[in-house]
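K.L.:
task: produce atomic coordinates for the following.
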Amino acid sequence: EKHTFPSSADMIYLFNLPCDTLQQITICSCRLLEGTNGPVPEATHSNSGLKRLVLSDCPLNGRVDVHAAICSILEHNETLEVLSLSQNCLVDEDMVQLIPRLTTHPTLKQMNLSFNRLGNEFISEFCCSLTKASTRNQCHLEKISLRPNLWSRKVEKVALLEVMQVNTSITYLDSLVGLDRKITEKLRYYCWINRAGRKLTKNPLAEPSANMTGTTAVSLGLW
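P.N.:
Residues are numbered from 1 along each chain as shown. Modelled structure (predicted):
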């Protein structure tokens, strides 16, 4: 059920095998996605049961059409629950067009974009799309890991507050670490409400109770 690929040759071999029982693929530190018709998009057609895909430390910026490849994954696989693209040197231009698919995918629950080179344009557009998806009940993301990246903390905190005021699914944000205390308490309060699954009125001025402490943590590396 789990395969780790030391080389792209091993990855391509498995991706070309028809399989509907493979649930998890982890690909680390290899050359990857060399074109729009490369092995990863094809895998999503044959592996219809894929739930977890980790592509880490496979530099994707500037060498390949990342947008086309990941879009194919999100379009053709309706069972994916976890997507990690950490440590891939991704920049805004690589990811911006993917944002609507990431924020509205029907089964995607966990997403990791940490340790990339994403900037203010990405975090602003990503949070705007999350807000729209949340108001339409189209967002199913529960756990989001975004740091470290290159956007400013000021842009980040404003964007995240707008999202969490309307979102009802997100229970974990690694971005809580490092923000000023007042912003951290507000975001932690929203995550707590969503985690508790209660139909409470979201009050950004409410003080979190003692049992909310420790509900978030930093996510480092792969999940």
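K.L.:
so where does the residue lying closest to T21 once chain neighbours are set aside fall, helix or strand?
P.N.:
Excluding the flanking residues, the one nearest T21 by CB to CB, 6 or more residues apart in numbering is G49, at 5.8 Å. No exception for glycine: its C-beta is placed from N, CA and C like everyone else's. Using DSSP states H and E, G49 sits within no helix or strand.
K.L.:
for this structure, which segments count as helices?
P.N.:
Counting by DSSP state H, the segments of the chain that form helices are 8-15, 39-46, 66-76, 92-95, 99-104, 120-135, 153-164, 181-196.
K.L.:
so what's the backbone phi/psi at the closest residue to S134 other than its chain neighbours?
P.N.:
Spatially, and ignoring its direct neighbours in sequence, S134 is nearest to N167 (4.1 Å; CB to CB, 6+ apart). Backbone torsions of N167, given as degrees, to the nearest 10, read phi -80, psi 140.
K.L.:
dump the residue contacts of N167.
P.N.:
L130, T131, S134, C139, Y190, N194 (CB atoms under 8 Å, 6 or more residues apart in numbering).
K.L.:
quick one: low-confidence parts of the chain?
P.N.:
1-20, 31-48, 62-67, 69, 177-178, 198-223 (pLDDT under 70).
K.L.:
try it again at 90.
P.N.:
Counting by pLDDT under 90, the chain shows low-confidence ranges at 1-51, 53-79, 88, 93-98, 147, 153-154, 157, 174-185, 196-223.
K.L.:
distance of the nearest residue to I99 once chain neighbours are set aside from Q138?
P.N.:
Distances taken as CB to CB, 6+ apart place S129 nearest to I99, at 4.7 Å, with adjacent residues excluded. As judged by CB to CB, to the nearest Å, S129 and Q138 stand 10 Å apart.
K.L.:
just S124 next, same as before
P.N.:
Per CB to CB, S124 is found 19 Å from Q138.
K.L.:
what of Q87?
P.N.:
For Q87, the distance to Q138 (CB to CB) stands at 29 Å.
K.L.:
so which of the two has more stuff around it?
P.N.:
Higher neighbour count among Q87 and Q138: Q87, with 20 against 16, using other CB atoms under 10 Å.
K.L.:
how much space between that one and I70?
P.N.:
16 Å.
K.L.:
got the CA positions of stretch 118-135 in CSV?
P.N.:
The C-alpha coordinates for stretch 118-135 follow below in CSV (Å, rounded to 0.1, in the frame of the first residue of the first chain):
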residue,chain,number,x,y,z
LEU,A,118,5.6,31.1,-2.3
GLY,A,119,5.0,34.8,-1.8
ASN,A,120,2.3,37.4,-1.2
GLU,A,121,0.5,36.8,-4.5
PHE,A,122,0.0,33.2,-3.7
ILE,A,123,-1.1,33.5,0.0
SER,A,124,-3.5,36.4,-0.9
GLU,A,125,-5.1,34.5,-3.8
PHE,A,126,-5.2,31.2,-1.9
CYS,A,127,-7.0,32.7,1.1
CYS,A,128,-9.4,34.6,-1.1
SER,A,129,-10.3,31.3,-2.9
LEU,A,130,-10.6,29.6,0.5
THR,A,131,-13.0,32.3,1.7
LYS,A,132,-15.2,31.9,-1.4
ALA,A,133,-15.2,28.2,-1.2
SER,A,134,-16.1,28.3,2.5
THR,A,135,-19.1,30.6,2.1
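K.L.:
right, I'll call it a day here.
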